[in-house]
Structure formats: C-alpha cells, structure tokens
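K.L.:
sequence and predicted model, in that order:
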Amino acid sequence: MSNNTVYIIVGPTAVGKTSFAIALAQQLKTEIISADARQCYAELNIGVARPSLEELSKVPHHFISSHSVNDTINAQVFENYALAKVEELFKTHPSVVIVGGAGLYIKAFCEGLDMIPEIDPAIREDIIKQYDQLGLRWLQKEVSVKDPLYWAKGEQQNPQRLMRALEVILGTGASIVSFQIKNKVTRPFNIVKIGLELPREELYERINQRVLTMVENGLEQEVRDLLPKFHLNALQTVGYSEWLPYFEGIVSKEKVIENIQQNTRHYAKRQMTWFKKDPEITWHQSDQVNAAKIG
RNA sequence: GGUCCUGUGGCCGAGUGGCUAGGCAGAGCUCUGCAAAAGCUCCCACAGCGGUUCGAAUCCGCUCGGGACCU
C-alpha cells in the first residue's frame, strides 16, 4: 500500500461538488478526474452543468469533454480510464481528486467489476431491436428460458437488466450470474470518500434555479443542434429528452422546464439513496465544508 | 332574496348502493458494463352532521364551501 490517496467527492447533482473539488484540488496541488457519465461528452454542454471554462482553467480536469456522444461509455470504460489516469498522476502528485455523481462509476473505480467477457455489439443491437418490437413479455420469456438462473434471482420487470442478462448468455453461453463473483478488489492506494449534502428543500431549490439558468443560457438551441444524435444513449439524458414533445408541438416550453426540474429532482433523490448506504462516506454540509480542513 | 349546478387524499381525476380506480407530486428503496439509465414499494380519500338501507363516496334532508343564472 502506497501513501498515495484518492479523494472522492460525491453527492447529489447541484449540491456544490464542483467548487469544492476545485478548492480541494488547489489545496492539494493536484488534478481532478470527473466521475460523471454525461460531462465526458464534448457535445453536451449547458444541459450537463459542466464546470465553466473559468473553473476548468483553475485545475486540470480529466474525463470532461474527453469523449464523443458516439463513443460507448460505461462503468467499465470509466474504471479503466480513471485507474490509468490516477496511476499517471501519482507519478507527480501524492493525491488525486475524483468528483462526480455517478455512483456505479465510483463503485467500479473503488471496488472493481467482475470480469465479464465483452459482448459482440451486434448481439445487443439485435436484442434491443427485438425488445422494441416485441416488448417486455418477449424479453421475460427469452430470459426465463435461456437463463433460468438469472430469471430466478433477477429483476423480472427491469428491461435493462433482462437485456443485459440475455446478451451475456447469448454472447458467452454462460449465465451472467456465473460471472458475478462480486469480488472486491483492493486498490494500491488510499481512498477517502467525502459526501456533500444539503437540506432537501434547499437542494431542490438549487436544482430548479439551475435549470432556469440553463434555459436562459440557451439550452433549447443546444438540444436542437443535437437532434440528429438523439438516438444515441448519451442523449438519453435529463435536460435533453424532455424537449422532444415541445419540438413536436405537444407541450409548452414551460412544461419542458418543469419536467426537467422534476426529473433532475428525481435523479438527485436516487443519487442520495445510492450514496447514503455507503458507510465509507464522511458527510459534510455543502455550504459549510472547508477544503483546507479536508486536505 | 330565488333557481340550478357542484364539493373525492398535496394536485388532477374516475366511480350513482357492496369489490384497492388511476395518474402526478411526495417519501422509501434496488443496483456489476446504457447509471443524468432502468426497475420496485408506500402514501387507503370521498366537506360536516343526521337519515334511509343488511350495507352509502354513491340515495334523502339540513348545514357549510365553491360556481352559474335570475331578480
């Protein structure tokens, strides 16, 4: 075990992670790796609340605007990226800051993922196509017949999990369950997890306000420009998908704004549920933390 | 003052005598490759009082609150 340390800052969206991370990185004279599943896409700007250019100029950031919406990004990709980057930074810095709200990405980084062979993308595409046409019933039937092991344990109503199970059994011939050993790896560096929180009402207020600001800053135009990319997973994002019915004349712009605020609140709530159960996190009130005391 | 309509949970909204409507909001939760994703659970209301009835959100009466029209 080295003396190197990764400080991981987590918390719900809009809680104030960015500014705290920058203060901490400056304090530690190091760089920041973002653990955000959307800010890594260069094409997504206003809607993903990326740090401002001014903020980015204060501390070098990684996994920010580093990929294209055409790229396949997932927890595995992040794990590899972040591990490599951390090792690289450790050569010249004793500590690194990771900040983000993607719980699964952070978990993958800290504990690793079980080795599951890569699945031919054609298999996934085919499954998605069939699911779109034939629906959940079909998917449930496929999984129950082809992977009874997963079917017995898995979430039978969750199409995403079912599709994942199906692609693994079709791609490898073995049940996804047989790969899930849930072995936690131990990283060769220290990990310190810091959680930022705010009273629920205050957080929701900040979210509502931030969405309004995004719209003022031209979110609508950004989304219009990305319309040709809407079939990509990267665009399946709060702040983007809500505009479609407005462009089709079905709902008002006010309704779009409300929906974005609503979905962002839901998202924040899910993040809190996720992070709350991690006993390694030390929690701080976002408006009271002091980077100097942490570092 | 009179006539008629109306009153369902935080909001919308179905239900005209017996069975949990439903949706939204809110809360709780799940989580190993789409995670800003996907899914699960909870929230048992019928304005009030009295009556009819084996049984009323549902029928009747009164009171209260909305609304429309008439004078």
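P.N.:
That came in fine, so what should we check first?
K.L.:
just the C-alpha atoms of stretch A:239-246, please, in PDB.
P.N.:
This file holds the C-alpha atoms of stretch A:239-246, laid out as PDB (Å, rounded to 0.1, in the frame of the first residue of the first chain):
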ATOM      1  CA  GLY A 239     -32.300  18.200 -19.800                       C
ATOM      2  CA  TYR A 240     -32.300  16.800 -23.300                       C
ATOM      3  CA  SER A 241     -35.000  14.200 -23.900                       C
ATOM      4  CA  GLU A 242     -37.700  16.500 -22.300                       C
ATOM      5  CA  TRP A 243     -37.500  18.800 -25.300                       C
ATOM      6  CA  LEU A 244     -38.800  16.400 -27.900                       C
ATOM      7  CA  PRO A 245     -42.500  16.800 -27.200                       C
ATOM      8  CA  TYR A 246     -42.100  20.600 -27.200                       C
END
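K.L.:
quick one: buried residues of it?
P.N.:
Residues of stretch A:239-246 classed as buried: A:239-240, A:242-243, A:246 (neighbour count, 16 or more other CB atoms under 10 Å). C-beta here means a position set from N, CA and C on the backbone, and glycine is covered the same way.
K.L.:
ok, residues contacting stretch A:122-138?
P.N.:
Outside stretch A:122-138, the residues that touch it by CB atoms under 8 Å, 6 or more residues apart in numbering are A:139, A:157, A:159, A:162-163, A:166-167, A:170-171.
K.L.:
tabulate these in CSV, adding columns for neighbour count and distance to RNA strand B.
P.N.:
Shown next, in CSV, are the contacts of stretch A:122-138 (neighbours: other CB atoms under 10 Å; distance: CB to the nearest atom of the strand, whole Å):
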residue, neighbour count, distance to RNA strand B
A:Leu139, 20, 11
A:Gln157, 9, 4
A:Pro159, 15, 5
A:Leu162, 24, 8
A:Met163, 18, 5
A:Leu166, 24, 10
A:Glu167, 20, 8
A:Leu170, 17, 14
A:Gly171, 19, 11
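K.L.:
greatest separation within those residues: which pair is it?
P.N.:
Farthest-apart pair in the contacts of stretch A:122-138 is A:Gln157 and A:Gly171; separation 23.1 Å (CB to CB).
K.L.:
before we move on, the earlier item: which pair in the buried residues of stretch A:239-246 spans the largest distance?
P.N.:
Based on CB to CB, the longest span within the buried residues of stretch A:239-246 runs between A:Gly239 and A:Tyr246 and measures 12.7 Å.
K.L.:
please enumerate the helices of chain A.
P.N.:
Counting by DSSP state H, chain A has helices at residues A:17-28, A:53-58, A:75-90, A:103-111, A:121-146, A:148-153, A:159-172, A:176-179, A:200-216, A:219-226, A:244-247, A:253-276, A:291-294.
K.L.:
ok and the longest one relative to helix A:159-172, angle-wise?
P.N.:
So the one you mean is helix A:121-146. Helix A:121-146 and helix A:159-172 are oriented at 100 degrees to each other (axes from the mean of the first three to the mean of the last three CA atoms, to 10 degrees).
K.L.:
what residues sit buried inside helix A:121-146?
P.N.:
When burial is assessed from 16+ other CB under 10 Å, helix A:121-146 yields the following buried residues: A:123-124, A:127, A:131, A:139, A:142-143.
K.L.:
one more: the fourth one?
P.N.:
Within helix A:103-111, the residues that qualify as buried by neighbour count (16+ other CB under 10 Å) are A:103, A:105-110.
K.L.:
hang on, the earlier thing: and the helices of chain A, which one is worst for confidence?
P.N.:
Among these, helix A:291-294 carries the lowest mean pLDDT, a mean of 80.
K.L.:
how about that one: buried residues?
P.N.:
Across helix A:291-294, burial judged by 16+ other CB under 10 Å covers A:291, A:294.
K.L.:
tell me which residues are up against it.
P.N.:
Outside helix A:291-294, the residues that reach it (CB under 8 Å, 6+ apart) are A:7, A:20, A:23-24, A:26-27, A:194.
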